[in-house]
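*Asks:* Give me a model of this one.
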Amino acid sequence: MSGDVLLRARHGRAGRRPAGARVRALLGELFPQAPGNVPRERSQRMLSVGVQAAAVCVAAVALLARVSGIPAWNSIYAEDYGIYLVQALQHPWHVFIPYAGYLQLIPRLIAQVAAMVPLTAAAAVFAVAGAFIAAGCALFSYHASAGFIRSRGLRAVLAAALILLPIAPLEVAGDTVNSPWYMLAALFWAVLWRPRTRAGMAVAAVVAFAASSADPLAIVYVPLLIMRAVALPRIREHAVTAGWLAGLAVQVPAIRQSYVQHRQRVRKLASLRKSVAYYFHTVVLRALGWHLSWHLVSLAGQNGATLIVGTFLAVVLGWAMITQGRQVRLFAVTAVVFGFVYTLACAVINGYVVYETPLLGPVAFEPGSRYSLVPIVLLDAAAIVAVDAFLRRRGKAAPAADAPGQARSHVQPHHPEPHHPQHPQPQPHHPQPQAIFAVAALVGVLAIGWVTDYRYVTQRTTDGYWTPVATRYLDECQHSRTGKIRIPEWGKPPKVTVSCSNLHR
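*Replies:* Purely as a prediction, here's the structure:
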C-alpha cells in the first residue's frame, strides 16, 4: 500500500468519531436547545404574561363549554365524587390513599380543596381545576416545544390541538379525575425540553412530578429519559428526571399497599393482538375526528375506515420523514413509536377496553377513550413539527435567489444608508405559496375534528345536578342527632359515615 493511501486511511480513522459519540450526537437532535429569547422591556414582558394568562382562561372556558347536558360546574364526574370527594370528607388530608391499585395525588389534593369550600361549590372546584390543568398543560407544551417548532403560530396550533382534541368530551374534558392524561401529554414535551433558566427547570420538574404521582403509566417514559441521559450527561439537564423520580417515590408505596390489600390494578392482561387492534381502532381511526371516523366506518367498515385514515397519516408522515431532514425524521419516529407503546401498555393493563364496543347515536361513548389522548396529540405534533420545518426551509431558500438566471454574489455591493448606516433595513419577507398551502392544509385537516367534535352528547357517568345533592346532605346534617350522615361511595360498603363538621355551607 502506497504512503499516500496509508496517510488517507489513518486520517479517516482519526477523524471518525467513536460510536458512543455518534449515538450521543444523533440523540441530541431529539433534545434541541430552544432559541434564546430576545431581551424585552418590562412592559413587554408584563404584556406577554397577561396575554398568556388570558389564553389559559379562554382555554379553560372552552373546555368547560365542551361538556354537554348538565354543566360541568354543576355535576361531579365519576371518581371525583364516588371516591375522591367522599374520602376527603370522611378523612381530611389523607391524600396518599391508593385507589384502583395506585396513587392519584393531584386529584386527591384537588378533592381536599373541594371539601373545604361550601359543599354546593364542590362540583365547580373539580370542573374548573380540571379545565385549568388542561389549559396549563397546553401553555406548557407551547413553550416546551420551541426547540422543534420555531413558529409561534404553529406552537399555538399545538396547544389548541390539546384543548380541542376530538375525543375530549367523552371522558377527559371538564373534570379532575382525568386531568392526569393531560399531564402525561405535557410530560412528553417536558422530557424533550431543554430549559435555559432555573425557573424552566423547576417547571419541568413540577410537570414530571405531577404526572408520575398521579398515574404510574409515567413509567412508559423510561426509554425517553434514558435517551436523554445518554444525549445530555450533565446533571443540570435532568431536573425533569428528578421530578419524575420524586413522583414515583410517592407512587411506589401506594402500589405496594394495594398489592398487600389484594386490590392491585394489574390482574388479567389483554392479549397483544387485541391490544394492537385497539391502537389502530381507537388512535389511528379517531386521529382526525370522532364523528368523521364513524362516517368512514359506515361507508367502509371499521377496518376499511382505519385503513383510509392510516394511509392518509402514513402519506403525511412519510412525506415529512423523507423531505424534512433528520431531526423531523427522528421526532416523527419517536412520537409514533412512543404513542404506540403507550397505548399498548394502557390496553394490556386495562384489558376490558379492548372488548367493549363504542357507541355513537343519541349519545356517544368509547371505553378507555382517555388512553388515546397522548398518542393522538403526538400524531398531531409530528405533523406540526414537519410543517414548521418546511416553513423554515422555505424561509431560508426564499432570499437565496435573485433575478431569474442571475447567480447570487457572495460579495454584496455597498449602498450607504444616509440615516442609519449601522442598522441596515430588513428586507420584507413574503410567505411563499407553498408555505401558505402547508399551514392551511394542516389547520384545515385538524379543524375537521375541532369543529365537528367540539361539543356533543356523551354517556358521561354523573349523579345529575350537584346542587340538590349537596343541599340534601346539608339538610340531613341539620336534622342529624349524631352529627353524622351516611353518603354513597364507590366500594363496599356502598355508603360511608361522614362527620357533619366536615361539610361546609
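
*Asks:* So which residues make contact with whatever helix or strand residue 471 lives in?
*Replies:* Here residue 471, judged by DSSP states H and E, is contained in helix 466-478. The contact list for helix 466-478, computed with Cβ atoms under 8 Å, 6 or more residues apart in numbering, reads 74-76, 81, 119-120, 122-123, 463, 483, 485, 487, 500, 503, 505. All C-beta atoms are positioned from the backbone trio N, CA, C, and that covers glycine.

*Asks:* which of these has the weakest pLDDT?
*Replies:* Lowest pLDDT within those is found at residue 463 (71).

*Asks:* which residues of the stretch 301-450 of the chain score low on pLDDT?
*Replies:* Applying pLDDT under 70 to the stretch 301-450 of the chain flags the ranges 395-431.

*Asks:* residue boundaries of the helices in it?
*Replies:* With DSSP state H, counting those that start in this stretch, the ranges of helices along the stretch 301-450 of the chain come out as 325-349, 373-397, 433-452.

*Asks:* In the shortest one, which residues are buried?
*Replies:* Read that as helix 433-452. By neighbour count on 16 or more other Cβ atoms under 10 Å, the buried set for helix 433-452 is 435, 438, 439, 442, 443, 445, 446, 449, 450, 452.

*Asks:* Quick check: the last one vs residue 477, distance?
*Replies:* In this view, residue 452 and residue 477 are 46 Å apart by Cβ to Cβ, to the nearest Å.

*Asks:* Check the buried residues of helix 433-452 against residue 63 and report the nearest one.
*Replies:* Nearest to residue 63 among the buried residues of helix 433-452: residue 450, at 12.7 Å, using Cβ to Cβ.

*Asks:* Please list all residues in contact with the closest one.
*Replies:* 160, 164, 166.

*Asks:* do residue 494 as well
*Replies:* Residue 494 sits next to residue 488 when contact means Cβ under 8 Å, 6+ apart.

*Asks:* Can you pull the phi and psi angles for it?
*Replies:* Backbone torsions for residue 494, taken as degrees, to the nearest 10, come to phi -70, psi -10.

*Asks:* Give me the pLDDT value at it.
*Replies:* So, for residue 494, pLDDT stands at 88.

*Asks:* what's the answer for the one 4 residues further on, then?
*Replies:* With respect to pLDDT, residue 498 scores 95.

*Asks:* List the beta-bridge partners for it.
*Replies:* With DSSP bridges applied, residue 498 shows beta-bridge pairing to residue 485.

*Asks:* please renumber so the chain begins at 21
*Replies:* Happy to do that; since the first residue is 21 now, the last one works out to residue 518.

*Asks:* Can you tell me the centre-most residue of this structure?
*Replies:* residue 205 (2.2 Å; Cα atoms, centre = their mean).

*Asks:* Now for that residue: which residues touch it?
*Replies:* By Cβ under 8 Å, 6+ apart, the neighbours of residue 205 are 157, 161, 182, 393, 394, 397, 398.

*Asks:* would you turn those residues into TSV with neighbour count and distance to residue 229?
*Replies:* Listed next are these as TSV, based on neighbours: other Cβ atoms under 10 Å; distance: Cβ to Cβ, whole Å:
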residue	neighbour count	distance to residue 229
157	28	14
161	25	17
182	26	20
393	23	20
394	24	18
397	27	21
398	25	21
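
*Asks:* Residue 507 - that's part of a strand, no?
*Replies:* Yes. Counting by DSSP: H, G, I helix; E, B strand; the rest coil, residue 507 is part of a strand.

*Asks:* From residue 494, how far off is the nearest residue to it once chain neighbours are set aside?
*Replies:* Counting by Cβ to Cβ, 6 or more residues apart in numbering, residue 507 lies nearest to residue 518, which is 5.6 Å off, once chain neighbours are set aside. From residue 518 across to residue 494, the span is 12 Å (Cβ to Cβ).
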